[in-house]
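1. dropping a prediction and its sequence here:
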There are 2 protein chains.
Amino acid sequence: MYRSHNCGELRMDHVGQTVTLSGWVQKSRDLGGLTFVDLRDRYGITQLVFNMDENQVLTEKARKLGREFVVRAEGQVRERSSKNANRATGNIEIDVKDLQILNASKTPPFTIEEDTDGGEDLRMKYRYLDLRRGPLQRNLMFRSKLAVETRKYLSDVGFIEVETPNLIKSTPEGARDFVVPSRMNPGEFYALPQSPQTFKQILMVGGFDKYFQIVKCFRDEDLRADRQPEFTQIDCEMSFVTRDQILDTFEGLTKYLFKQMLDTELPDFPKMSYDEAMERYGSDKPDTRFGMEFTDMTETVKGKGFGVFDSAEFIAGICAEGIAESYSNKDLKQLTEWLQRPQIGCKGLVYAKLNNDGTIKSTVGKFYSDDDLKLWAEKMGGKSGDILLLLCGEKEKTQKQLNELRLEMGRRLGLMDPKVFNPLWVVDFPLLEWDEESERFHAMHHPFTSPKTEDIDRMMTGDHETMKALRADAYDLVINGVEIGGGSVRIHDRDLQSKNFDLLGFTKEEAEAQFGFLLGAFEYGAPPHGGIAFGFDRLNAVMNGQNSIRDFIAFPKNTSGRDMMIDAPSPVDNEQLDELYLSLQEIEKSGA
Amino acid sequence: MYRSHNCGELRMDHVGQTVTLSGWVQKSRDLGGLTFVDLRDRYGITQLVFNMDENQVLTEKARKLGREFVVRAEGQVRERSSKNANRATGNIEIDVKDLQILNASKTPPFTIEEDTDGGEDLRMKYRYLDLRRGPLQRNLMFRSKLAVETRKYLSDVGFIEVETPNLIKSTPEGARDFVVPSRMNPGEFYALPQSPQTFKQILMVGGFDKYFQIVKCFRDEDLRADRQPEFTQIDCEMSFVTRDQILDTFEGLTKYLFKQMLDTELPDFPKMSYDEAMERYGSDKPDTRFGMEFTDMTETVKGKGFGVFDSAEFIAGICAEGIAESYSNKDLKQLTEWLQRPQIGCKGLVYAKLNNDGTIKSTVGKFYSDDDLKLWAEKMGGKSGDILLLLCGEKEKTQKQLNELRLEMGRRLGLMDPKVFNPLWVVDFPLLEWDEESERFHAMHHPFTSPKTEDIDRMMTGDHETMKALRADAYDLVINGVEIGGGSVRIHDRDLQSKNFDLLGFTKEEAEAQFGFLLGAFEYGAPPHGGIAFGFDRLNAVMNGQNSIRDFIAFPKNTSGRDMMIDAPSPVDNEQLDELYLSLQEIEKSGA
């Protein structure tokens, strides 16, 4: 037997008992006659004591233990003379009578502590050591518990978890698919699912009524810090429900998860239309923990001879409160430069400082009188001590830039309290996006999303401009500016689905080849249905107030899609390629 | 609102209430003035009634409903005059006041009933219709609940569910990997996991102590009826445990699942060594619901001039009880022919009929006296009315053939009670199998399995013959002759693991290239660990007394690895292949 107890459970009640513990040597201290060893496992840390006077051989053995050695120790629980209140086992220690080294360890390349000295690459390569650290252990235990609670809630309200296949069909829509050559079907390929979208709709046609799955999905996209080629969704679908019944169900789930995991009571989730979100925040995922909402100044500021404004399609601003004194001209210059970086791409920043003494200082003071600027302040809700920040240009672009500015000011002014969670449903997204370059429509959500009921007639008969204005019955769940989930009411009518494929530029043949099974299914009694998918990795990160999903994934890949620990992907044998009827192209020629 | 209640919940208590139901038309009957429609959803069937005298328009609308139309009906619950005791809602019906057709349906290509008239291929193509049938709905709900209960039990005893990656590294060991070309790493490939084996071991090195995952695995093997290219495992691993602690844990899980799902109390699981299982049943997964165990007759039957026996390495038999009267010579001839089919490959069958009148009739009566044959009967436990069935030949081959015969007789004699579940741990498997053809050892379980502690020294220093006799600390869970799970105590020592790779014919470089991360991990304090994986698809089938896993998978593939519904795999664009730096070989040339 390796252990009678784990390293986190011994208390004063156990004093006097003979116990066996196994674990890793966190550290050892040699204090002359006494040697102390901190023994660690997933459950905690327990102090082992070796006494040179009582057992010289054993104590000398203990002195030779290196960090991360795996040992088994047997001994008696006793009260500590100097207690450690920061540790659950801090009142006791083990007077060790027997010590067995189960495995030695080389010196780890970085410290296995709460904060490590290891760099990102080293920690990825030695992921098995990084995983021993408290933060990663807690993150993955949080994730495991979040999955348990998710399943509990959804099962309790009648959802059935159904596994959908991973080897499916490649569809050149949306992001790139990962493909899998089929040996048994030469020249043919499976694709890994970007989501189980069509299968969950098929399950609704199959009468499953309420489906969910916590499921891996795959996208062969160029990666960013918060993207992974494989990621996990809480994927859900329901039949015979209205949009608001869907939203209520998943608002319920979200509230339950926050309550169970963080003991946080979320308020009821407000709903905001996409249009309103864009007008007020310039974003379809606004961080509503703070105000600093947009004011459209287009009408107000034109006609005073300031050419930049006069020629702009759109001028809008935000009011940054209480920083007129603390923000110097130099600070504002730096802020302007920050906005002018190519990532944001502003031409410039117009500001008006509402000084505490009542004076107003503006970069465009020569075009605008104090009265003009007072009108600005009035419109934008500015008061003494605030700074008004204005951007201008093309409307959509300016909204995006002002959104970046608002978020940056929110960060700088500490308005994003990590302990506060502000949920929001963003609803009524556009159905279609017109892409000027390819001269075609893209589905804003995906090709299976239904237009709002009142837009269906216009969709079936309308002209090109009508199509641009169609609203989808689609919704996103946003918390603290992060899109946690998104979904829609789906089309369940074959003709409407065909029309949508048509608008998206699929020929009849293409639609039939790729989605024929779904169109076919719609002819055999498809129920009204809709659903949602939550980004599970992101939900974990957001609930823990963190930006990166990587530390909530046991074995993440780096931004080149590489698993640094196992060193994958890797070349395969020609023999294996031959079995798949594949050849490698000359990679130089292909321009890699 | 589509419904106030589902189609399975209305009872006498609801009489008088106005309700709304939605669902599929199961069938409709037109009885002159009254039209009855059975409305079906996942929860049940409720009878709708339309009365021509009261509402002609509505009733005419109802008469036009076809099978599988999706409708919404509003009306009043009332007591039925002719009750249906076979249906949970059989006491009531709905007097419909409003009917809305939500979607029409073409006539389905097969009947959507408990037993359907649809053939296998048709049902696969129209899986969404087959999924509406009771048996498939119940199977998938069973599966969903089995996953819930599995997670509940394992969570409650401290296991953490951790997701391991699906895009991993190709290793040319075991079955064939599915590979996934990496666009971002030209010429390189990921592999889909055959199991999360190395990752779960890494999680143990990472200190996770108790891991589980219900996880998809992938094997590119030629398929049989009960194999799928993607399948699901309950994958588990534990640290600081002995073999028996592992077995106890998963015996506990299995008992819990049978209790929760089937209200069946399983007995304690006996343990039987691989050697014993082979001697007694000729199989490492014996069906222990019935006896008919092997008797080794090699010594008993030799030396009487019957050349076939005299020259045979091994002779063994089973005693089929009580069939001496009912089995004619013709039946025994047919049985012999059954054994001679190439799938089994017996040369012949020797039998001795112990007639009720005390006479004995045998195919080899001219070589053996009645006293000889009485000795056979004594050895094999035969009594009047039984037939002794003997096979001979090479030992291993004969054991396999006699196993087939035993199972066939078990089936014919109705000894496999589907209501009885006989669990068994088969333990102490051979560590290595010698393959004459390739002149190399294969791992019987997998390359990470530990030899039994007492065999380690012999493994590190022994000769070739010694290696053949090494026992592994490996175990299978067998229920009713089906392998439900298998696992082992793992190697956690770098030198021992290197030695094992060495024996398996890996060069140092190959071992390093493929498993370097694991060997590396073993140098940084790997704990003793071991685990198990259950075949989740098969567990579902066995618990329901069924042979095929296919009806427990929502979207299975056929034996060519094809999803008949979505028609995958399928060709991909050349453009997509170019992005992956791949070309298709001439498929004719390659001999496909």
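-> Okay, I see it. Numbering: from 1, shown residues only, chains lettered A, B, ... in the order given.
2. CA atoms of stretch A:253-261 as PDB?
-> Taking Å, rounded to 0.1, in the frame of the first residue of the first chain, the C-alpha atoms of stretch A:253-261 are listed here in PDB:
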ATOM      1  CA  LEU A 253     -27.500  27.400 -16.900                       C
ATOM      2  CA  THR A 254     -25.100  30.400 -16.700                       C
ATOM      3  CA  LYS A 255     -26.500  31.700 -13.500                       C
ATOM      4  CA  TYR A 256     -26.300  28.200 -12.000                       C
ATOM      5  CA  LEU A 257     -22.700  27.800 -13.000                       C
ATOM      6  CA  PHE A 258     -21.700  31.100 -11.500                       C
ATOM      7  CA  LYS A 259     -23.500  30.300  -8.300                       C
ATOM      8  CA  GLN A 260     -22.000  26.800  -8.000                       C
ATOM      9  CA  MET A 261     -18.500  27.600  -9.100                       C
END
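3. with adjacent residues omitted, what lies nearest to the residue of the stretch 1-150 of chain A found nearest chain B?
-> Chain B sits closest to residue A:131 of the stretch 1-150 of chain A, with a gap of 3.1 Å, by C-beta to the nearest C-beta. Glycine gets a C-beta too; all of them are placed from N, C-alpha and C. Counting by C-beta to C-beta, 6 or more residues apart in numbering or on different chains, residue B:206 is the residue found nearest to residue A:131 once chain neighbours are left out, at 3.1 Å.
4. so where's the stretch 151-300 of chain A uncertain?
-> Scanning the stretch 151-300 of chain A for pLDDT under 70 picks out A:172-174, A:225.
5. distance check, the residue in it that chain B sits nearest to against residue B:127.
-> Proximity to chain B, evaluated over the stretch 151-300 of chain A using C-beta to the nearest C-beta, is greatest for residue A:206 at 3.1 Å. Distance from residue A:206 to residue B:127, counting by C-beta to C-beta, to the nearest Å: 7 Å.
6. among the two, which residue is more densely surrounded?
-> A count of neighbours by other C-beta atoms under 10 Å in any protein chain shown puts residue A:206 above the other of residue A:206 and residue B:127, at 30 against 24.
7. could you look up the SS state of the closest residue to residue A:134 other than its chain neighbours?
-> Nearest residue to residue A:134, sequence neighbours excluded (C-beta to C-beta, 6+ apart): residue A:114, at 5.1 Å. Secondary structure, DSSP: H, G, I helix; E, B strand; the rest coil: residue A:114 is coil.
8. flag every buried residue along the helix or strand hosting residue A:136.
-> For residue A:136, the host element (DSSP states H and E) is helix A:134-156. By neighbour count on 16 or more other C-beta atoms under 10 Å in any protein chain shown, the buried set for helix A:134-156 is A:136-137, A:139-140, A:142-155.
9. count the neighbours of the residue nearest to residue A:134 for me.
-> For residue A:114, the count of nearby residues is 9 (other C-beta under 10 Å).
10. for residue A:442, same thing?
-> Count around residue A:442 with other C-beta under 10 Å applied: 15.
11. ok so, going back, other residues contacting the helix holding residue A:136?
-> Helix A:134-156 has contacts (C-beta atoms under 8 Å, 6 or more residues apart in numbering or on different chains) with A:42, A:113-114, A:130-131, A:161, A:210, A:212, A:214, A:234, A:236, A:252-253, A:256-257, A:260-261, A:536, A:539-540, A:543-544, A:551-552, A:554, B:144, B:148, B:151, B:155, B:160-163, B:207-208.
12. specify the angle between it and helix B:134-156 in degrees.
-> 150 degrees (axes from the mean of the first three to the mean of the last three C-alpha atoms, to 10 degrees).
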